[in-house]
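J.: need a structure here:
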Amino acid sequence: MRTKLIFFTGLLVATCFLTTSSLPQKIEKEWEPIFMTRADLEQSVKYISESRPLKNPGKIYTKGNYIYVNEQFKGVHVINNSDPKNPVNEGFILVPGCVDMAVKENTLYVDNAVDLVAFDLESKQVTQRLKEVLPETPSPAGNLPDECEERPQGLILVSWNEIIE
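T.: Here you go, the predicted structure:
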C-alpha cells in the first residue's frame, strides 16, 4: 500500500511516497512479574550517594537547584542543577516499584509498589508509609497482575522483566 504525503514549505510543495509494507511489524513481548516480601519492601527505600546511569527514565520534577528523574520501577535520580551547563548526578533514591512521584516543600512522595511513601529530601529518610493504597502496576504489555500464573502468596509485585528468548 502506498500513501501519498504532501509537505508544504512556504510556496514549495514536495511529494513523497511511504510504503507501509516496509514498516516493521509490531512484535509482542512477554513479561514476567518480579515480587518482594512485605518486610523487604518496607526496608527497600534508601538514598545511595552513588549516581546511576539513566536507562529507563520516566517523570521529571524540579525543585530549587535539583532535578528528580524517575527510573521506571527502580527509583529516583537526584541531579544537582546548580550549574545548568554542568549538572551533577549526585545520587539515587532506591524505590522498588516506583513509577510516579511528586515533591512538595522538602518531601518526595513516591510509590513503592502498592505503598505511598513520604521521603524527606534533607534527612534522606522515609518519614511516612501508607500501606496498600495504590493499585499494582500492569505489565508494559497491559497484563494485569491478577493474570500472573502461579502467583506466590504474600508477595508484592514491584516490577516486570522482559522475557528474552
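J.: Please tell me I have it right and residue 141 contacts residue 32.
T.: No: the pair residue 141 / residue 32 is not scored as a contact, 11.1 Å apart, by CB atoms under 8 Å. In short, each C-beta sits where N, CA and C put it, glycine included.
J.: Next secondary structure element downstream of the worst-scoring helix or strand of the chain on mean pLDDT?
T.: Ranked by mean pLDDT, DSSP states H and E, the helix or strand of the chain with the weakest confidence is strand 12-19, at a mean of 33. Moving toward the C-terminus from strand 12-19, the first helix or strand encountered (DSSP states H and E) is strand 30-37.
J.: Which neighbouring elements make contact with that next one?
T.: Counting contacts by 3 or more CB pairs under 8 Å, 6 or more residues apart in numbering; DSSP states H and E, strand 30-37 is packed against strand 155-163.
J.: and the strand it packs on, which strands flank it?
T.: Strand 155-163 has its sheet partners listed here by DSSP bridges as strand 30-37 (antiparallel).
J.: now the protein, which segments are flagged as low pLDDT?
T.: Across the chain, residues meeting the criterion (pLDDT under 70) sit at 1-27, 144-151.
J.: what residue lies at the spatial centre of it?
T.: In the chain, the centroid-proximal residue (CA atoms, centre = their mean) is residue 72; its distance is 2.0 Å.
J.: Distance of the residue nearest to that one when sequence neighbours are not counted relative to residue 159?
T.: The shortest distance from residue 72 to any non-neighbouring residue, by CB to CB, 6 or more residues apart in numbering, is to residue 56 (4.4 Å). Residue 56 sits 11 Å away from residue 159, taking CB to CB, to the nearest Å as the criterion.
J.: Which neighbours do those two have in common?
T.: In the contact map built from CB atoms under 8 Å, 6 or more residues apart in numbering, the residues linked to both residue 56 and residue 159 are 73, 74.
J.: Look at these two and report which has more neighbours.
T.: Shown here are residue 56 and residue 159; by other CB atoms under 10 Å, residue 159 has more neighbours (20 against 9).
J.: these two touch, right, the more buried one and residue 95?
T.: No: under the criterion of CB under 8 Å, residue 159 is not in contact with residue 95, lying 11.1 Å apart.
J.: what residues do the two have in common as contacts?
T.: Among the neighbours of residue 159, those also in contact with residue 95 (CB under 8 Å, 6+ apart) are residue 74.
J.: What lies in contact with stretch 153-165?
T.: Under CB under 8 Å, 6+ apart, the answer for stretch 153-165 is 29-38, 41, 73-74, 96-97, 113-114, 136-137, 139-140, 145, 148.
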